[in-house]
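Chemist: Give me the fold of what follows.
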Amino acid sequence: SFDDYHFNDDQSIVLLYYNSQAIYRHSTVGDFRVFDLKGNIETGKGEQVRYPTLSPKGDKVAYVKDNDLYILDLIKGKTKRITKDGSYNSIINGAVDWVYEEEFAMSRGFAWNVDGTKLAYFKFDETAVKEWQMTTYGNLYPDFYKFKYPKAGEANSIVDVYIADAAKGSSAKLELGSANDQYLPRIQWTKNPNMLAVQRLNRLQNKWEMLMVTGTTVEESLTETSKYYVEITDDVYFLNDGRHMIVSSESDGHKHLYFHKVEGPQIYQITNGDWEVDAVLGIDQANELIYYTSTEVHPTERHIYVIDFQGKNKKRLTTEAGWHTAEFSNDFSLALHSYTSATVPNQYSIKNKAWETLRVLEDNKEFSTRNNAFIQGNISFDKLAVNGVELNYWMIKPDNFNDSISYPMLMHVYGGPGSQTVKNSFGYSNYYWHQMLANKYGIIVVSVDNRGTGARGEEFKKMTYKQLGKYETEDQIAAAQALGEMSFIDKNRIGIWGWSYGGYMSSLALAKGNDVFKMAIAIAPVTNWRFYDNIYTERYMALPQENGSGYDDNSPINFVKDIKGKYLIVHGTGDDNVHFENSVMMVNEMIKNNIPFDSEYYPNKNHSIYGGKTRLHLYTKMTDFVIKNL
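Modeler: As a prediction, the model looks like this:
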């Protein structure tokens, strides 16, 4: 079996990736093999490397091993070592450091140009970044794992971009201002084999630039500033004419698509309206059409649209309420359509260009039948007016719901910037747990998307800037109070739970809403933003040296004295993301103030807390805690 694969441009060569082992959230190390499909022969292989990637022609493979970058020539059967200074916790070539991987959602740090003659790559100098140490238990004496983790306000890696000549193996450094406190979160070749696009952010992430690099010449193509922050975009599509590109931006207050010159200003806006483009699914350049998903119908749904390059002839392709996405064939004559809703498991079908169904690949009827027999809960979507805004929420009621009965209510929260829990899509794991609580124990389960969440425009999402936790918690408390006034909800039996940012929220809500919430569960919570990494935290909070009150005014560890309800805090000791330190410091403050609590820790488990019977144990613990205290 294999874990991943990819083809060269004409799909005559395939690279298979297998035996992969996770490093962090996105990164893996594994083995690869390359096959010539026309000749049905193996042309190359490698063991325990990172990110093996075929060149466009399929004649070379670039990969990273021990923090150095290599190019394997499949024709000659020879390997060139492009860099020689790679060293753990010091220098990284062709990959990225922990914080770039986690917060910029990237791991591979190199890219082939369009004709495979050049390779652009990152070099990270982690020397100045402080180390974080995790303890791994299991042997007579524990093992210690150290890695570089820059916390809020602390030093970052120095990042440079180099371009390697694939034939010669030589590299040249680009002058992009690495001496400045900045980020270079994306590199992408244009259709010109000599032109590289580089995205650059300042440290505060409120100024974004698209730089075009040709040889040693660096020119600014696009720039965007914000009184809040600017998020990087993966919606950068260079057109085959070599002169134009399509880019997404929030510059008008919502995420929309724009038509630009590669080396010049914006020409015009393609999409517009009081809604968001969620994802670009494909660009049919031959017919000048863009396929995308958006929130135009409702923020809790995603529908597929097509529009031409001029922003005209927009057409909605999907009608069923719920969540739609698609993948297209190279010539856009066929699409693999995926559909789901809160009550419909994923369905897959093949559509033609007229969006007619040619074949149903999977309707999940058998799964739906079994699912409906096991769980027959009542889930609904609605809006709630609190704090001067309308908030979307879903509610799960028991299958034998009786509006003359007063039920306890458990709220599920995440609430972080740009996130959504209120989605009309099938929920799987937590969905089943919530349905079980409703049907077996008679608990109404609710989730509310507070201010600061996504799909409703820039102002709604970014109004929490420099005050993470403030408005989100106010909304969750107000929502609980409003829902508690419903005749079938017992306002004296309301609880809240969340994971990661949601654990932060549930902890803060229990303290600041101590007259509303009877209990809370916090799994892997941030308890002080000073403990978290700098890219994420400073994007939303600025530097702690400049916004100390913002960091402290909504830190759960500063409000433990206000906790009156029952509190369960859970963490994995091997959490490389939200460190175990967060829970340790929270518990320490509770002990200092003689505040009772329950806790559970999972040895060596990371932020996801899974493996073996871990999840069974965790959800059993959570269930028992909810039943006992709600």
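Chemist: Could you pull up the residues touching Gly454?
Modeler: With contact taken as C-beta atoms under 8 Å, 6 or more residues apart in numbering, Gly454 is in contact with Glu276, Pro417, Gly418, Ser419, Gln420, Lys461. All C-beta atoms are positioned from the backbone trio N, CA, C, and that covers glycine.
Chemist: pretty sure the second one is touching Thr464, no?
Modeler: This points to Pro417. Yes. Contact criterion C-beta atoms under 8 Å: Pro417 and Thr464 qualify, at 6.6 Å.
Chemist: between those two, what contacts are shared?
Modeler: Each of Gly452, Tyr540 lies in contact with both Pro417 and Thr464 under the rule C-beta under 8 Å, 6+ apart.
Chemist: so how far is stretch 242-252 off the chain centroid?
Modeler: With C-alpha atoms, centre = their mean, to the nearest Å as the basis, stretch 242-252 stands 22 Å off its chain's centre.
Chemist: Span of that stretch from start to end?
Modeler: Its start and end residues considered, stretch 242-252 measures 26 Å (C-alpha to C-alpha, to the nearest Å).
Chemist: Counting by contacts, list what the host helix or strand of Tyr471 packs against.
Modeler: Per DSSP states H and E, Tyr471 falls inside helix 470-484. Other helices and strands packing on helix 470-484, by 3 or more C-beta pairs under 8 Å, 6 or more residues apart in numbering; DSSP states H and E, are strand 378-386, strand 389-397, strand 407-412, strand 444-448, strand 489-499, helix 501-512.
Chemist: thinking again about what came up before, higher neighbour count, Pro417 and Thr464?
Modeler: Thr464 (23 against 20; other C-beta atoms under 10 Å).
Chemist: Please identify the most buried of the helices and strands packed on helix 470-484.
Modeler: helix 501-512 (a mean of 28; mean count of other C-beta atoms under 10 Å).
Chemist: What pairs with the next helix-or-strand element following that one, parallel or antiparallel?
Modeler: Sequence-wise, the next helix or strand downstream of helix 501-512 (DSSP H and E) is strand 519-523. Strand 519-523 sits in its sheet next to strand 489-499 (parallel), strand 566-572 (parallel), going by DSSP bridges.
Chemist: okay, the angle between the helix or strand just after strand 519-523 and helix 501-512?
Modeler: Where DSSP H and E defines the elements, the next helix or strand beyond strand 519-523 is helix 534-541. Helix 534-541 and helix 501-512 meet at an angle of 50 degrees, taking axes from the mean of the first three to the mean of the last three C-alpha atoms, to 10 degrees as the criterion.
Chemist: now the helices for the stretch 1-150 of the chain?
Modeler: 98-103 (DSSP state H, counting those that start in this stretch).
Chemist: can I get the strands paired with strand 519-523 in JSON lines with mean pLDDT?
Modeler: Compiled in JSON lines, those are given as follows (pLDDT from 0 to 100):
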{"stretch": "strand 489-499", "mean pLDDT": "99"}
{"stretch": "strand 566-572", "mean pLDDT": "99"}
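Chemist: Quick one: residues in contact with the helix holding Tyr471.
Modeler: Here helix 470-484 makes contact (C-beta under 8 Å, 6+ apart) with 384-387, 389, 391, 393, 409, 411, 413, 415, 446, 448, 450-452, 463-464, 489-491, 494, 496, 505, 508-509, 512-513, 516-517, 553-554.
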